[in-house]
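K.L.:
this one's structure only:
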């Protein structure tokens, strides 16, 4: 690695001239004795007398960068001013603590409104173009106008946190913290006058500067220009910024869901307290216990509200602010790239001028250009114009050389200036990236630390609340016992009354019962007893050794009411309550006492998606130790030994995108796929069968002229892919993996809580039914910590999870066949459905023709030669001609001019081709169709409302089924598998339960929206291409195809989305 590639080696340097205008700090006196020691890079060293910032083993965080002195600012206390008038606004208190000598005091406060912060931001952005100035939050929020209150406490408090982060980032920046405008903003009582003065001065400057059109022109031109020699340092910075932005967006979605759930818990606890208070008039004898319990629940609700407010207003806002800060850094990188583009453009202009001068000096005859055949058009026209004006050509040539010499000298100076500017800006950006990383680390430490402190405070409050509740209840019970001792000889024992109290786990009390998720929550039975079902990662558990499990324990002791372990809680739930609890679970409770075999991951479905899941789990070092199983109703041994002749191909083929191939290579399966039966292609042509408009897709815009074109997609048979995946699974070994071939799933049930065994009540248990040809070692039942459904459109796993689907049938069939032809991938959409020819090896092609059910039946009934004729006609004839040919007698024949018997379809095609103009580009003629390869399948659209349920995940067709128009079905399934494996790896590496919803939410958040978007686009294209006639829709479709074909960057964007 080169020295300048290491950002940590950047030395912090100050321009002495620029420091004159900056506020002087306490450490900038002439007396050097007060300065802190520095290392060779100019960074401050931690002296022995200084207090460590985080701990004895933590890294020192230099909050001020290269600057000495303290500058700490806080923003808070939003206050509505001019209330009741149309000029009402919110001001924020900005408090500063500093030892800068520029300021009059060391501690002071001012009030500023959002407009003041905005002015500060714009000034810094204009005065410091080489800095990634931290951005401000949005001025207005849509929800503030929807609710009708722009000054709600939630909105203003959220903005106060964002403004605080804005100011803190500036104070942590080594350059911006010394900006004179910041000192004026923090202290000046005449801030408004200063703003007006600067605004008038800035407007005069802007009027004398370049116009808006010039800036727009530069931006527009450079938007389509690429840097010839990109700097690897900044490519890595951009990649890291993109990755961080993506990860923060993912975390933001999860935190937003957490905040919503905390809000729901707050509302539920508040409602619970209200309902208990309503019991007081009905049960006056126990008023005090009810009031105490209601007050404790209400206090817990307030704790949830405080936690929710901090999560939503502070931490969630910090994630969004960091995303905006990353955009600011990207904008700075774009500005740096613009400097390099300017330099490279000037170099090109100079080189062109030098070439023109050398051409004129070395070849004078080229200037005269008397012969139009041997000279350029410009030279010939210029020569004729000079002849008409009577200009001496030799003198004109010398004058032109002189002007070029002057132009070259000017461009040389400009090139040197641009080079210096570009290199200086590069160095500034390198330092700015280091500042960004340091500020980001400090901010992450502060926000995560504050979130952790808030959670600790919340759980400590919950603990104190319920410990106080226990003490108060014990005191109340003692008073009742004392009173009962004086009731005329009646004792407490004479009252057959048993009280049960709720058990609190980790401060969370949940008595709302839902039939779908009750098997993992606290559930309330009709008797009023709160029974507990714990989340389970490892099913084995031991019973409590002291208390027998025979009856409900009345009045549990206060020690048992605290944070209880799993083994301690079990004795407090009686067997009758457990039996009653099982009746509420999804209606799948098992009555069998047999303990099933336990697996970490069980996949139902042995297609490409299911096999890819097993291969990926086994290939990953993090998940290779998991015990996994696969259940498939077909004979996988037959699929493992599949083979076919080189000239025969299956009609079930798939087009794999480069990302799918990369995933298969990553898990080691692609090397087992027979390469002789794989066909990559580098371009794809799409055209409209009605208007002739077309698009050609390739990677020419993303590939240099000296490189081969990238692959658009790769065709292979599904059987070839399945055989490769099975070979990879066998190569990884059979330890910890079970494949149940020729086996069906007869039922999926919730497990049982075995008295002397594991508690599987939260686990799905599958009952297996092996066929006679299946292996004899197939168990009758297996339990899954995570059950994965890769079992197709009619997924039993999805039915068990009670996940609904949305969708519809297209009332169309896809006709498939294997054809022999020469050519490239071609797709020609027609009004009755798109037809596609996708290449296979040895001049074969796979046909996918989407058409009506009637047309599909007709095409399958045709003899081979008539079928070939219809395929060729689909790419050559108009819609009217094709509709006529679809009504011909399938078995009718006629005689050719040579007397040979041919089908009526072939004769009709030959005649019509003589009277039909052919498109400019058409696929080669199909010469034959493989025997028994013509088939059809119904086209449907389905999309699950969710891909996950507790201990259940769906992948592939079990989660989504889309139109095959874009050939994305299997690619989406493999994308699901890659994302699910990543989520499982994350859960295993962080000690999480792989079947827990929190672990699986990473998967659904990554894939649900992506699959819905692609499915929606395919559905839209299907509907667009099935609009009959030549009306406005067809014209707009034709115009869109032509326009996209002329815009390479749009085609590249579409291909990247499909990839």
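P.N.:
Arrived safely. Remember, it's a predicted structure, so these values are computed and weren't measured experimentally.

K.L.:
List phi and psi for residue 968.
P.N.:
In terms of degrees, to the nearest 10, the main-chain angles of residue 968 are phi -100, psi 0.

K.L.:
Tell me the secondary structure at residue 777.
P.N.:
coil (DSSP: H, G, I helix; E, B strand; the rest coil).

K.L.:
burial count for it?
P.N.:
8 (other CB atoms under 10 Å). The C-beta positions use only the backbone N, C-alpha and C, and glycine is treated the same way.

K.L.:
same thing with the one 10 residues further on?
P.N.:
For residue 787, the neighbour count with other CB under 10 Å is 26.

K.L.:
which ones are touching it?
P.N.:
Shown here is residue 787, whose contacts under the criterion CB atoms under 8 Å, 6 or more residues apart in numbering are 602, 604, 748, 764, 766, 797, 800, 951-953, 995.

K.L.:
So which of those residues belong to helices?
P.N.:
Taking DSSP state H, the ones among the contacts of residue 787 that sit in helices are 797, 800.

K.L.:
Who wins on neighbours among the contacts of residue 787?
P.N.:
Greatest neighbour count in the contacts of residue 787, by other CB under 10 Å, goes to residue 953: 31 neighbours.

K.L.:
Please name the bridge partners of it.
P.N.:
Using DSSP bridges, the beta-bridge partners of residue 953 come out as residue 788, residue 948.

K.L.:
looking at it, it is touching residue 1000, isn't it?
P.N.:
Yes: at 5.7 Å, residue 953 counts as touching residue 1000 under the criterion of CB atoms under 8 Å.

K.L.:
Are there residues contacting both of the two? Which ones?
P.N.:
residue 786.

K.L.:
Among the contacts of residue 787, which one lies nearest to residue 194?
P.N.:
Set against residue 194, the nearest of those by CB to CB is residue 953 (59.5 Å).

K.L.:
what's the spacing between the closest one and residue 239?
P.N.:
30 Å (CB to CB, to the nearest Å).

K.L.:
got it, and residue 790?
P.N.:
For residue 790, the distance to residue 239 - CB to CB - is 33 Å.

K.L.:
And the two? Which one has more around it.
P.N.:
residue 790 (32 against 10).

K.L.:
quick one, what contacts that one?
P.N.:
Residue 790 touches 603-607, 609-610, 613, 954-958, 973, counting by CB under 8 Å, 6+ apart.

K.L.:
List the ones among the residues you listed that fall in strands.
P.N.:
603-604, 954 (DSSP state E).

K.L.:
thinking residue 100 is in contact with residue 69, fair?
P.N.:
Yes: counting by CB under 8 Å, residue 100 does reach residue 69; the two are 5.5 Å apart.

K.L.:
Same drill for these two, tell me which one is more crowded.
P.N.:
Neighbour tally, residue 100 and residue 69, criterion other CB under 10 Å: the higher count belongs to residue 100, 24 against 18.

K.L.:
Need the per-residue pLDDT for that one.
P.N.:
pLDDT recorded at residue 100 is 85.

K.L.:
Let's verify it: helix, strand, or coil?
P.N.:
coil.

K.L.:
Phi first, then psi, for it.
P.N.:
Per-residue torsions, residue 100: phi -70, psi 130 (degrees, to the nearest 10).

K.L.:
quick one: contacts of the helix or strand that residue 719 is a member of?
P.N.:
According to DSSP states H and E, residue 719 maps onto helix 718-731. Residues from elsewhere that reach helix 718-731, judged by CB under 8 Å, 6+ apart: 606-608, 611-612, 614-615, 618-619, 636, 639-640, 642, 644, 650, 652-654, 664, 667-674, 677-678, 737, 739, 970.

K.L.:
Just the buried positions in that helix, please.
P.N.:
718-729 (16 or more other CB atoms under 10 Å).

K.L.:
between these, which is nearest residue 433?
P.N.:
Using CB to CB, residue 728 comes nearest to residue 433 of those, at 41.2 Å.

K.L.:
Next one: that closest one from residue 79, what distance?
P.N.:
Distance, residue 728 to residue 79, by CB to CB: 66 Å.

K.L.:
same check, this time on residue 858
P.N.:
77 Å.

K.L.:
what's the answer for residue 283, then?
P.N.:
47 Å.

K.L.:
between these two, which one's more packed in?
P.N.:
residue 79 (13 against 10).

K.L.:
can you tell me the helix or strand for the more buried one?
P.N.:
Secondary structure assigned from DSSP H and E places residue 79 in strand 71-81.

K.L.:
Show me what that strand is packed against.
P.N.:
strand 89-98, helix 153-172 (3 or more CB pairs under 8 Å, 6 or more residues apart in numbering; DSSP states H and E).
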